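Trainee: here are the coordinates; sequence isn't available:
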């Protein structure tokens, strides 16, 4: 059935067609896999009505097949739970038996090896003793003492005889001592824990199904080794989220809506409806207002409390990919039409158009002196003044930069599609550190107060880095199969009260405790 999904024929914006397998492992923005004359946004392709219908039909068939298989297994468990568990645990028992046999063979082989060493040592020692024996003369030669000799002569002969006997006795003593001495000692380790030698059983913390721990599949608590505290499930695919304050957050969805959620109670407070296509990005303007960018090529300004679309900003020719609020209170927007626009959102007027990029604008950030940084799928970073003049064009990465984080007046961190994070000087353009560890595109960056940088990636991992040393000091993640219509797994990071919140395209927001408590 998975082959059925791979072989699914999808329509492309240029009129060509391609199979799903040609798109599923690609980054979100790539060159058209068929005509090669323009870039396509995978997200947009999959959301074409005809493609969306086809995908959902296949998903439905896959889900039915999976349900049928699960139901068969459920019947087995229902009939004989203990037998089902024993069947699955027999693998562990087999592993124990194999370990025992392995250690037995290992001990026997080592025992034989030590015995062989003893035999070799004994043989060499025996040969040395034999050689020594052949050189020892045990015959005692004496001169007879004549009675006619005077006492002085007799004493001299006795002393000579005594010395000769002592020398031969010492030779025999040394030989016998050498023969008796073992010269080899066996030392056995003391207090060796058997589990260190044999191994031990570890009971892995099982994830309890959502329906056993919460109502309506909404909230799951989990204090595991990765510091994951809870998961909020929105029950729909989402493109972006932003915190309004410590109690509320906004969610941009593929169903053309934006929803406001209560952080503590995990309930949707209200919905904002006006867009005619998927809402792709959000920007909080102040406590009362926020902006949204959509695949319908518009930016809408909303009143948070009234569910009111205050005004619509029209000007971009294609969809809006990113939004940024400037220090001066203006709204910046990056689009698939290759331009950036600066808006007076209160009056609904575009006041500056930034032209220069040759492809989709992916991300925006602003320095303290109001210079604009932008990155594009054209693999360049551009630095602009407030009037829309391009000051410099940089190529820091070999692949497009997906996210920025200005660390201070001099340093910028950039995450790229090549999986690397680079920290560089904005004035000298010197690359100071290259942070390597992610294996897929880096999609989000966030700075902590203690000189640490957090990164989220399409490889389903969140990493914490020391900015000064460039070392990764923590990695945490919860593995989950990638959704069929989601490509960047972790798309955004926010933090509040020592809690990190990661947003995922499959409709989940994860809350991580940064204090490890």
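Mentor: Received the coordinates, thanks. Remember, it's a predicted structure, so these values are computed and weren't measured experimentally. Residues are numbered from 1 along each chain as shown.
Trainee: what is the burial count for residue 506?
Mentor: By the other CB atoms under 10 Å criterion, the neighbourhood of residue 506 contains 17 residues. Any C-beta I mention is one placed from the backbone N, CA and C, and that applies to glycine too.
Trainee: oh, that last question was meant for residue 389, not what I typed.
Mentor: 11.
Trainee: got a list of what it touches?
Mentor: Contact partners of residue 389, counting by CB atoms under 8 Å, 6 or more residues apart in numbering, are absent.
Trainee: ok, it to residue 150 distance?
Mentor: 131 Å (CB to CB, to the nearest Å).
Trainee: next, residue 75: secondary structure please.
Mentor: Recorded secondary structure, residue 75: helix (DSSP: H, G, I helix; E, B strand; the rest coil).
Trainee: tell me the pLDDT of the residue positioned nearest the centre of the chain.
Mentor: Nearest residue to the geometric centre of the chain (CA atoms, centre = their mean): residue 461, 3.1 Å. Residue-level confidence at residue 461 comes out at 84, pLDDT.
Trainee: ok, it touching residue 438?
Mentor: Yes - judged on CB atoms under 8 Å, residue 461 makes contact with residue 438 at a distance of 6.6 Å.
Trainee: list the contacts for residue 332?
Mentor: With the criterion set at CB under 8 Å, 6+ apart, residue 332 makes contact with 323-326, 340-343, 364, 366, 372.
Trainee: hmm, 7 Å instead?
Mentor: Applying CB atoms under 7 Å, 6 or more residues apart in numbering, we find residue 332 in contact with 323-324, 326, 340, 342, 364, 372.
Trainee: do the same with residue 253
Mentor: 236-239, 259, 279.
Trainee: with respect to residue 425, which of the contacts of residue 332 is nearest?
Mentor: residue 372 (17.7 Å; CB to CB).
Trainee: picking up where we left off before, what about the residue nearest to the centre of the chain, distance to residue 310?
Mentor: 39 Å.
Trainee: hmm, what's the outermost residue in the protein?
Mentor: residue 148 (106.9 Å).
Trainee: gap between it and residue 154?
Mentor: Taking CB to CB, one finds residue 148 at 10 Å from residue 154.
Trainee: what's the weakest-modelled helix or strand in this protein?
Mentor: Every helix and strand in the chain was compared by mean pLDDT, DSSP states H and E; the lowest is strand 219-221, with a mean of 30.
Trainee: all strands for the stretch 1-150 of the chain, in order.
Mentor: 9-11, 17-19, 29-31, 39-41 (DSSP state E, counting those that start in this stretch).
Trainee: which one of the ones you listed lies nearest to residue 467?
Mentor: Of the strands of the stretch 1-150 of the chain, nearest to residue 467 by CB to CB is strand 29-31, at 28.0 Å.
Trainee: so what does that closest one touch, helix or strand wise?
Mentor: strand 39-41 (3 or more CB pairs under 7 Å, 6 or more residues apart in numbering; DSSP states H and E).
Trainee: what comes up buried for the strand it packs on?
Mentor: In terms of neighbour count (16 or more other CB atoms under 10 Å), strand 39-41 has its buried residues at 40-41.
Trainee: what pairs with that strand, and is each one parallel or antiparallel?
Mentor: strand 29-31 (antiparallel) (DSSP bridges).
Trainee: what is the distance between the strand it pairs with and the centre of its chain?
Mentor: 24 Å (CA atoms, centre = their mean, to the nearest Å).
Trainee: contacts for that strand?
Mentor: Outside strand 29-31, the residues that reach it (CB under 7 Å, 6+ apart) are 39-42, 360, 377.
Trainee: what mean pLDDT does that strand have?
Mentor: Strand 29-31 comes out with an average pLDDT of 85.
Trainee: for stretch 424-439, same thing?
Mentor: Taken as a whole, stretch 424-439 has an average pLDDT of 92.
Trainee: which residues does it contact?
Mentor: 367, 394, 396, 410-412, 419-423, 455, 457, 459, 461, 463, 465, 470, 472.
Trainee: tell me which of those residues fall in strands.
Mentor: Secondary structure assignment (DSSP state E) places 394, 411-412, 421-423, 455, 457, 463, 465, 472 from the contacts of stretch 424-439 within strands.
Trainee: and these, which are buried?
Mentor: Of these, these count as buried by 16+ other CB under 10 Å: 394, 411-412, 421-423, 455, 457, 463, 465, 472.
Trainee: just the buried residues of stretch 464-476, please?
Mentor: In stretch 464-476, counting by 16+ other CB under 10 Å, buried: 464-467, 472, 476.
Trainee: quick revisit: would CSV of the ones in strands among the contacts of stretch 424-439 with distance to residue 31 be doable?
Mentor: Below are the ones in strands among the contacts of stretch 424-439 laid out as CSV (distance: CB to CB, whole Å):
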residue, distance to residue 31
394, 22
411, 32
412, 27
421, 24
422, 24
423, 29
455, 26
457, 22
463, 29
465, 31
472, 32
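Trainee: using pLDDT, spot the least trustworthy of these.
Mentor: The member of the ones in strands among the contacts of stretch 424-439 with the lowest pLDDT is residue 457, at 87.
Trainee: circling back to that earlier point, let me know the closest of the ones in strands among the contacts of stretch 424-439 to residue 108.
Mentor: residue 472 (44.4 Å).
Trainee: residue 510 belongs to a strand, doesn't it?
Mentor: Yes - Residue 510 forms part of a strand when assessed by three-state DSSP.
Trainee: quick check, it in contact with residue 503.
Mentor: No - proximity of residue 510 to residue 503 does not meet the contact threshold set by CB atoms under 7 Å, at 8.2 Å.
Trainee: neighbour-wise, which of these two wins?
Mentor: More crowded of residue 510 and residue 503, by other CB under 10 Å: residue 503, with 26 against 22.
Trainee: now the more buried one: how far from residue 252?
Mentor: The value you get for residue 503 to residue 252, if CB to CB is used, is 10 Å.
Trainee: shared neighbours, the two?
Mentor: 238, 241.
Trainee: related to what we said a few turns ago, of the buried residues of stretch 464-476, closest to residue 125?
Mentor: Once CB to CB is applied, the member of these that ends up nearest residue 125 is residue 472, at 57.0 Å.
Trainee: where does the stretch 401-517 of the chain dip in pLDDT?
Mentor: 477-491, 496-497, 515-517 (pLDDT under 70).
Trainee: what of the stretch 51-200 of the chain?
Mentor: Looking at the stretch 51-200 of the chain by pLDDT under 70, you get 76-88, 142-143, 182, 191-192, 196.
Trainee: do that again at 90, thanks
Mentor: 51-107, 110-111, 113-200 (pLDDT under 90).
Trainee: where along it do the helices fall?
Mentor: Counting by DSSP state H, counting those that start in this stretch, the stretch 51-200 of the chain has helices at residues 81-134, 151-180, 194-198.
Trainee: these: which one's closest to residue 50?
Mentor: Short answer: helix 81-134, nearest of those by CB to CB, at 43.4 Å.
Trainee: so which elements touch that closest one?
Mentor: Using 3+ CB pairs under 7 Å, 6+ apart, helix 81-134 sits against helix 151-180.
Trainee: report the distance from the helix it packs on to the chain centre.
Mentor: With CA atoms, centre = their mean, you get 81 Å for helix 151-180.
Trainee: between that helix and helix 81-134, how many degrees?
Mentor: Computed by axes from the mean of the first three to the mean of the last three CA atoms, to 10 degrees, the angle separating helix 151-180 from helix 81-134 equals 160 degrees.
Trainee: who are the packing partners of helix 151-180?
Mentor: helix 81-134.
Trainee: hey, what's residue 434 bridged with?
Mentor: residue 422.
Trainee: same question for residue 462.
Mentor: residue 456, residue 476.
Trainee: hmm, it is touching residue 445, no?
Mentor: No - look at residue 462 against residue 445 with CB under 7 Å: they stay out of range, at 11.0 Å.
Trainee: thinking again about what came up before, and which of the buried residues of stretch 464-476 is nearest to residue 124?
Mentor: For the buried residues of stretch 464-476, the nearest to residue 124 is residue 472 (54.7 Å; CB to CB).
Trainee: for that closest one, give me its contacts.
Mentor: 437, 463, 465.
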